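[1] how would this look folded up:
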Amino acid sequence: MKAFFKAFAILIVLGVVAIAAFLMESPERESADEQSITEWQVVWTDEFDPEININQLEAMQNWENVKAVGLDPERPVGAVGQWVKIDIPTFQTGSPALLFEKIYGRHVVIRSHDEIIYESNRSYNYSINTILLPMDHSYEGESIYIGIKSGTRIGLQSKVLVGDYKELQNTFIKNNMTDFIIGSALIFIAVVMLICSLFLKNENMSSWFSLCLVILSSGTIVITYSSFLYSLFGKYGNLYVLLFDLSLFILLPSFTSFFVSIFGRGYKSIITKFQKFQVAYSLLCILLMAINLLSDNQFYDYYRLASGTLIGLFMIVQFILLVSIATIYTIRGNQEAIIFTIGFAVFAILGSGELLWFYFKSAYYDLFLWKWGVVCFLIALIIILGKRFAHNHEQVVEYSKQLEMFNNELQRSEKMEIISELAASVAHEVRNPLQVTRGFLQLLVAKQNSADKVYLSMALEELDRASAIITDFLTFAKPEVGKVTTLNVLNEFIHIEGILIPMANLQGGKISVHIPQDLHIKGNSSKFKQAFINIIKNSIESLHGEGEIHVWSYEENGEVCIHIKDTGEGMDEEVLARLGEPYFSNKTKGTGLGLMVTFRIIEVMNGKIQFKSEKGVGTEAVVRFPAVKNA
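    So this is what the prediction gives:
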């Protein structure tokens, strides 16, 4: 799963880098033979007749001069069409062409030499035209007339480029490819996410699928808003408009659904209720769209009211609602809300700034910065979802670690329980015959000669050794602490040190004890000594000659911590992991019972023990008991 998200993140980064590299490439320099037409004449008509001849056009009154940069001519009341007269300059190339970067109109006709050389009549609601018109030298010094009919925005709104056909074609493609690349990249990412959703679990599907729809619909909106497709493949314009509207109807409820999956339903489920309303309204708009298409646009005004004006108001309500809730979470310190708010702020600043400029220009302005706002916002949403998946992954890993720890503890407890039952049922039965046998052997020792006494003494030693093992079994099987008192840790270790220093000196080792006077715990003195004598004896035996054993203690977080560190041979990880297992010992004659009993004594005294070791360096035992304030 972790590798999957890394691969997906790399894919997104590569896509963004590729887009940025293309868009940041230095623009095509204007060639030496490229010219610009920045002035023309305009006349308004009450009727639009694309078949009107040149003489009739020339005879029209009220022609007015217009510049590419300046105030747009005011549209007279009742005017339905506009004619634009452009004087063609001398061409400086063998394959000349004109590039009209922006003409607003539903029906556009270009006439010259009393014939129509270009015509576009759109039955769909998209009025931006980008026209690349091939020319020849016969048009030099002549005039061309552009007839435009439109219900809202109308007219030629940018300079006309004159130059070589191939160079203008490159300019035409470059100027219009940005939207296509952004939209295609978003659609590609959404498709990849949908494929990747096959590998996700059910609990992640809601947020993942919602984000897929948000990215997919955003990419479709970016592409179908651009004039590139309409200019190259205008006959499919109705399909593009249809896809634009459908994407908008899908985007809004999907966006709210993603918000719910990340931040919850909101106060009294207000976001969920709004989401249900959006789904119902989107279905209503789709129904009106179908009715309008089947009736050949007879209900277009009603459909445009529902899918344009009203849905715009609902978008404003949606953004205010979601941003308000995200701001509340941001104030509370929710990191996902902070990311969401930042991403949406970028989108809102770019979008609102462009809208203000759009209205200031009386709608003679094409929005384009909002697309970068959408990209930034979608990146923020992807980061939020990725962060959520990373958090879930960390929780799974942590749960797995805890499960493994609990499983190991359960196995250890089961082993201890088995040994306890075995020891309790066998130890007493074995000890009694051993004691009887030992008694008779002692009597025989007194009556036998010196040669036999050697063998009898060996037999008594082995019986004593067997009895000690049985005592360990009983201690393990019934590890009751006995009489519990408040123990002074320093005083207990003074006794332990007195017992073990002679043994350490024989091995060539040294024991140093540094324990404060005011450390106290609850427990049984003899059991406490037994546990730590076992631990320190193991440290002495691991020295194999000269070495040091350091014992120190302190209080931390309400616990008394006791450290026993030696400079012995140490242990590898495999041996370290098996310490305390029944019958496991790394000593030649060891039974493993001594350390096992130590574990049980510390456990009964509500303590915890932990070993740290490294082969050839030494071993450190850390024992923790609840601290007691001595009265």
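[2] just checking, L213 is part of a helix?
    Yes. Assessed with DSSP: H, G, I helix; E, B strand; the rest coil, L213 lies in a helix.
[3] Can you tell me the closest non-neighbouring residue to it?
    S254 (3.8 Å; C-beta to C-beta, 6 or more residues apart in numbering). (C-beta placed from N, C-alpha, C; glycine too.)
[4] Look at the one you found and say how many residues are nearby.
    For S254, the neighbour count with other C-beta atoms under 10 Å is 25.
[5] ditto for the one 4 residues further on
    Residue crowding around F258 was assessed by other C-beta under 10 Å; the count is 23.
[6] hmm, back to that, run through the residues that contact the residue nearest to L213.
    210, 213-214, 217 (C-beta atoms under 8 Å, 6 or more residues apart in numbering).
[7] buried residues in the host helix or strand of it?
    Taking DSSP states H and E as the criterion, S254 maps to helix 237-263. Within helix 237-263, the residues that count as buried by 16 or more other C-beta atoms under 10 Å are 237, 240-241, 243-263.
[8] Check stretch 112-127 too.
    Per 16+ other C-beta under 10 Å, stretch 112-127 contains these buried residues: 112, 118, 120, 122, 124-127.
[9] Just the closest of those residues to V397, please.
    Y126 (51.6 Å; C-beta to C-beta).
[10] so what's that closest one scoring on pLDDT?
    At Y126, the pLDDT value in this model is 82.
[11] Identify the bridge partners of K565.
    H550, E620 (DSSP bridges).
[12] can you pull the contacts of it?
    K565 touches 549-551, 618-621, counting by C-beta under 8 Å, 6+ apart.
[13] dump the residue contacts of the closest residue to Q278 other than its chain neighbours.
    Distances taken as C-beta to C-beta, 6+ apart put P253 closest to Q278, at 4.1 Å, once the chain neighbours are dropped. Taking C-beta under 8 Å, 6+ apart, we find P253 in contact with 275, 278-279, 282.
[14] Could you give the backbone dihedrals for V43?
    The phi and psi values for V43, taken as degrees, to the nearest 10, are phi -140, psi 140.
[15] do the same with L156
    phi -90, psi 120.
[16] right, and L385 touches M205 too?
    No. Taking contacts as C-beta atoms under 8 Å, L385 lies outside contact range of M205: 11.8 Å.
[17] who's more crowded, those two?
    L385 (21 against 13).
[18] so how far is S150 from that one?
    In this view, L385 and S150 are 42 Å apart by C-beta to C-beta, to the nearest Å.
[19] same check, this time on I328
    Counting by C-beta to C-beta, the gap from I328 to S150 is 45 Å.
[20] Please say which of those two ends up with more neighbours.
    It is S150, of I328 and S150, that has more neighbours when counted by other C-beta under 10 Å, with 21 against 14.
[21] give me every residue that touches the spatially closest residue to the more buried one that is not a sequence neighbour.
    Of all residues beyond its chain neighbours, the one nearest S150 is G105 (4.4 Å), with distances taken as C-beta to C-beta, 6+ apart. G105 is in contact with 82, 127, 129, 148-150, 154-155, counting by C-beta under 8 Å, 6+ apart.
[22] Phi, psi for the nearest residue to V241 once chain neighbours are set aside please.
    In space, and not counting its chain neighbours, V241 is closest to Y124: 4.6 Å by C-beta to C-beta, 6+ apart. Backbone dihedrals for Y124, given as degrees, to the nearest 10, come out at phi -110, psi 170.
[23] any idea which element the residue nearest the centre of the chain lies in?
    With distances taken as C-alpha atoms, centre = their mean, G386 lies nearest the centre of the chain, 1.4 Å away. Take DSSP H and E as the rule and G386 turns out to sit in helix 369-447.
[24] what about that helix, average pLDDT?
    On average, helix 369-447 scores 72.
[25] All further residue positions should be reported with the first residue as 23.
    With 23 as the first residue, the last one maps to helix 391-469.
[26] Looking at the contacts of G127, which one is closest to E426?
    S149 (65.9 Å).
[27] In this structure that closest one contacts S172, no?
    Yes. The criterion here is C-beta under 8 Å, and S149 meets it with S172 at 5.4 Å.
[28] tell me the contacts of S149?
    For S149, counting by C-beta under 8 Å, 6+ apart, the contacting residues are 126-128, 172, 174-176.
[29] Please produce CSV containing these, extended by pLDDT and secondary structure.
    Below are those laid out as CSV (pLDDT from 0 to 100; DSSP: H, G, I helix; E, B strand; the rest coil):
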residue, pLDDT, secondary structure
Y126, 88, strand
G127, 89, coil
R128, 88, coil
S172, 86, coil
T174, 76, coil
R175, 80, coil
I176, 87, coil
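[30] now, among the residues you listed, which is nearest to H536?
    Among these, R175 lies closest to H536 (C-beta to C-beta), at 88.5 Å.
[31] among the helices and strands of this protein, which has the poorest mean pLDDT?
    Here the helix or strand of the chain ranked lowest by mean pLDDT, DSSP states H and E is helix 24-45, holding a mean of 45.
[32] Of all the residues in the very next helix or strand once past it, which ones are buried?
    The helix or strand immediately downstream of helix 24-45 is strand 57-59, counting by DSSP H and E. Residues 57, 59 are the ones in strand 57-59 that count as buried (16+ other C-beta under 10 Å).
[33] Strand 57-59 - contacts with which helices or strands?
    strand 182-186 (3 or more C-beta pairs under 8 Å, 6 or more residues apart in numbering; DSSP states H and E).
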